[in-house]
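Enquirer: please find the sequence and the predicted model below.
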Amino acid sequence: MTSKKVTVTNPEGLHMRPAGVFTKAMSAFESSVNIKFNGQNYNGKSIMNVLAAGIKCGSDIEIECDGADEQAALDKAVEIVQTAE
Amino acid sequence: MYKGIAGSDGIGIGNAALIKEQEIKYEQNSALSAEEETARFDAAVDELIKKTDAMAEEMRANVGEKEAEILMGHSLMLSDPAMTDEVRGIIAGGLTSEAAAEQVFETFAAMFEATGDELTMQRAADLRDVKSGIIKTLQGVRDVDIKSLPKGSVIVVNDLTPSMTAGINKDNIAGIVTETGGRTSHSAILARALEIPAVLSVEGVTGMIADGSRIIVDGTRGEVITGPDEKTEAEYAEKKAEFDKCRKELEKLIGKPTVTADGTKVELVCNIGKPDDCAAVLEKDGEGVGLFRTEFLYMDTDEKPGEEQQFEAYRKAAMTLKGKPVIIRTLDVGGDKDIPYLGLEKEENPFMGFRAVRYCLENKELYRDQLRALLRASAFGDIKIMVPLVTCVEEVRQAKALIKEIMAELDREGVEYNKDIKIGIMAETPAAAAIADLLAEEADFFSIGTNDLTGYTMAVDRGNAKVAYLYSAYQPAVLRNIKRIIECGKQKGIMVGMCGEAAADPLLIPLLISFGLDEFSVSPTSVLATRDIIGKWSKAEADKVAEEAMNCATESEVKALLEARRK
C-alpha cells in the first residue's frame, strides 16, 4: 500500500464536478482508493462517498492506494486534487 | 399575489402548466429470487444511465457545459460501485429493488445533509432525483414531458429536478414557479442560464394554482400574480418588453471595462453577504467585492464562530474571486441586533451606542479571532480589511495596533499572510466626514457607506415614518459630506469607494464621477446598469452637473435638477 497526505487546493473543494472527475479517473485503476478525512474512511471510487465526505478547499486529506497499480493511481489522485479546476 | 425568492430575473406571462408528481407505491418484499431481483435492478440502472447520458448530451448542446455536468454527476451516481454493492446486499436480504434503492439513497442523502456544508447539502436533492429516477424506471412510470408543453407555458411544480429540465424548450416556457429551492438550487441556476424568469420557494403554490390559468411571474421581485385583470397584464407586458430590451443592451457590456465617456477607468465591484455570493459577482461581471458583510457568520448560530470557520469563509471568497480585490468589513453589530451569545445589552439608543468597532475594540478576543482569520486568508487573494463606524482617529490606530500584534504572532508561528494588507475605514458618520483629512493619514482607503451616512447626517431614523422624508442622499448636507470625504481621500492619494445604495443611483453617478470616486460597489444585479451609466458621462459634463447640484439649496431642487440632467 502507498499513501500520501495532501491539501485540497481546488477552490470548489471535492464537490460535484471535481468529485466526478476524481472518481471517474480512479475507477480506471485496479487498486483500491481510500480517502482518510476527519478520521473517517471514504471509498475514492464512489462519488457518493466522496461527496458525503464534504471535503472543502484547504482540507487536509490522506489518499491510500492498494493494489497492482497503486503508485500510478496515487500519482493521478494527487494530481487531480491539487490541480483540478 | 404570492411572494417567493427571486430566482431568475425578468417577467414571464402565460398559462400555468401544473406539474404534479404521481405517488408511486411498491412492495417492500420481493417475490423474485435474489438473482432475479438483482438482474431487474441492474437492467433499470443500465436503462437510466443511457437515458441520463443522452439528456446530458442534449443539455450540453442546448444550454451549456456547466448545466450538463449536473446530469453527468447523476450518471456517475448510478454507476457508483459503493452504491451498487449496498443495494445488492439489501436485495440479498429479500427486499425489492425499489425498497433497496430507497434505503441506500436516503442513507447517503442523510450523510450529505449532516455535513453542514451548503453545497454538499444541496447535492442531497440530486440523490433523491436519481433515486426517484430508478424507482420510476423499475415501475415503468414515464417522466412528465416538459418538452411537449405549448408556447407560453409557465411551469408550476414542487421542485424542478435536473432530469425534468433536461429537455426544456426555452422558447415555449415563459416562466417557472416552484415550491422549494433557493437562489443556488439547480432550478435557479438553470433558469438563469436559460434566462427564464423564475420565482422559487412559494409555499404551497401547486395546491393554489389551477392548471391552465393565467399567471404572471416577476422573477426580479420574486412575485407571482394569478388571474390578472386586463390592465395588470398590459402593465406587465410593457414591463417585460422594457426588461427584455434592457437586458439585451446591458449584456453587451459583459467583459467590457468600466470607463467614463472620456476614458477614465473606475472600479466597479459588488456588495455581498456570504462567500457563496461571489458566484453572482462573477456571473454579473463584477470586478471584485467592495463590501463583504461578515455578520452572517455571527447571526443564525448559537455560539461565536471560531477563527477556523471564519478563515474558511474568507479564504473561499478570496479564492473564488481569483485575485480580484475583496474588501471585508469587520463585525458590525450593536444592541439593535439580537445575537444572544454576544450578551449585547438592550440600549436606549442602539444606533448611537455600543456597536461595530466600539464593541470590537472592547471585546478584543472576539475581534482577534476575526482579524487573525482575515490575515491568514489574505495569503490566498487580494483581501483588504475595513473597519466600520469610525468616528475618531484613535479607533483606527487601535485597530491597526491590534492587527500589527497579530501579524507579529503569525510571523512567530510561521503562518503566511499578506504583509502589505490594506486597512481602510467605512466612512459613514458625520464625524468621519468632518475629520476625513485626519483619517486619510491613518487609513489606506475609504469606503463611503451612504445608508448610515445619510441617517446620521440628517439625524433621522428611516424606520420612523414621521421623519423618513428627511432620509435622502440628495440632501445638500449629505452631498457635502460625500464630497468632502472623497476630496480629502484624493488629496492624500488613497482610494475612495462607495458601498451604499447611492453608488448605483443613476442620478448621483455624475456627481460621484465629478468628485473623483475611484470605486463603485453595488449589488451584483446592478453591475451592468451602473457600468452603462458611468460610460455615458465625461468628467467635464459631470463637473457641470455637480456644480449646479451643489448650488441647490434644497433636497427637492437637487433631485429635480438631477432628474432633468439624467442620461
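Expert: Received the coordinates, thanks. Since we're looking at a predicted model, the values are computed, not measured. Residues are numbered from 1 along each chain as shown, chains lettered A, B, ... in the order given.

Enquirer: is it true that residue B:262 touches residue B:540?
Expert: Yes. Between residue B:262 and residue B:540 there is a contact under C-beta atoms under 8 Å: 7.2 Å. For every residue, glycine as well, the C-beta is placed using N, CA and C.

Enquirer: got phi/psi on residue B:75?
Expert: phi -60, psi -40 (degrees, to the nearest 10).

Enquirer: avg pLDDT for stretch B:537-553?
Expert: The pLDDT scores in stretch B:537-553 average 97.

Enquirer: list the buried residues of it.
Expert: B:537, B:538, B:539, B:541, B:542, B:543, B:545, B:546, B:549, B:552 (16 or more other C-beta atoms under 10 Å in any protein chain shown).

Enquirer: what's the per-residue pLDDT of residue A:85 here?
Expert: On the pLDDT scale, residue A:85 gets 48.

Enquirer: before we move on, the earlier item: what's the farthest-apart pair in the buried residues of stretch B:537-553?
Expert: The distance between the two most remote of the buried residues of stretch B:537-553 (C-beta to C-beta) is 21.7 Å, for B:538 and B:552.

Enquirer: for the residue in chain A sticking out farthest from the centre, pull up the helix or strand it's in.
Expert: In chain A, the residue that sits farthest from the middle, by C-alpha atoms, centre = their mean, is residue A:68; the gap is 17.8 Å. When elements are assigned from DSSP states H and E, residue A:68 belongs to no helix and no strand.

Enquirer: report how many residues lie close to residue B:228.
Expert: 16 (other C-beta atoms under 10 Å in any protein chain shown).

Enquirer: so it touches residue B:213, yeah?
Expert: No. Look at residue B:228 against residue B:213 with C-beta under 8 Å: they stay out of range, at 10.1 Å.

Enquirer: in three-state terms, label the nearest residue to residue B:510 once chain neighbours are set aside for me.
Expert: Leaving aside its chain neighbours, residue B:510 sits nearest to residue B:542 (4.1 Å; criterion: C-beta to C-beta, 6 or more residues apart in numbering or on different chains). State at residue B:542, reduced to three classes by DSSP: H, G, I helix; E, B strand; the rest coil: helix.

Enquirer: pretty sure residue B:542 contacts residue B:508?
Expert: No. Residue B:542 is beyond contact range of residue B:508, at 10.7 Å (criterion: C-beta under 8 Å).

Enquirer: show me which residues of chain A sit near chain B.
Expert: By C-beta under 8 Å from any C-beta of the partner chain, the residues of chain A that approach chain B are A:11-13, A:15-17, A:20, A:23-24, A:27, A:43, A:45-49, A:51-54, A:56-58.

Enquirer: among those residues, which are in helices?
Expert: With DSSP state H as the criterion, helices contain A:16, A:17, A:20, A:23, A:24, A:27, A:47, A:48, A:49, A:51, A:52, A:53 from among the residues of chain A next to chain B.

Enquirer: near chain A, which residues of the stretch 251-400 of chain B?
Expert: Counting by C-beta under 8 Å from any C-beta, the stretch 251-400 of chain B sits next to chain A at B:312, B:315, B:316, B:319, B:320, B:322.

Enquirer: max pairwise distance over these: which two?
Expert: The span of those, defined through C-beta to C-beta, is set by B:312 and B:322 at 17.3 Å.

Enquirer: re the thing from before, shared neighbours, residue B:228 and residue B:213?
Expert: Residues touching both residue B:228 and residue B:213 by C-beta atoms under 8 Å, 6 or more residues apart in numbering or on different chains: none at all.

Enquirer: which one's the longest helix in the chain?
Expert: Defaulting to chain A. Per DSSP H, chain A has its longest helix at helix A:70-83.

Enquirer: chain B was what I was after
Expert: Per DSSP H, chain B has its longest helix at helix B:34-62.

Enquirer: looking at chain B, which helix or strand is least sure?
Expert: Counting by mean pLDDT, DSSP states H and E, chain B has its least confident helix or strand at helix B:162-165, which shows a mean of 73.

Enquirer: in CSV, could you pull the C-alpha coordinates for that helix?
Expert: Only the C-alpha atoms of helix B:162-165 are listed here, as CSV (Å, rounded to 0.1, in the frame of the first residue of the first chain):
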residue,chain,number,x,y,z
PRO,B,162,-32.4,18.4,-13.3
SER,B,163,-33.9,15.3,-15.1
MET,B,164,-37.1,17.2,-15.7
THR,B,165,-35.4,20.3,-17.1
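
Enquirer: mind listing what's buried along that helix?
Expert: B:162, B:163, B:164, B:165.

Enquirer: count of neighbours near residue 75?
Expert: With no chain named, the answer covers chain A. When neighbours are counted by other C-beta under 10 Å, residue A:75 comes out with 13.

Enquirer: was after chain B, sorry
Expert: Neighbour tally, residue B:75, other C-beta under 10 Å: 21.

Enquirer: for it, which non-adjacent residue is spatially closest?
Expert: residue B:52 (4.7 Å).

Enquirer: enumerate every residue touching that neighbour.
Expert: Residue B:52 neighbours (C-beta under 8 Å, 6+ apart): B:71, B:74, B:75, B:78, B:133, B:163.
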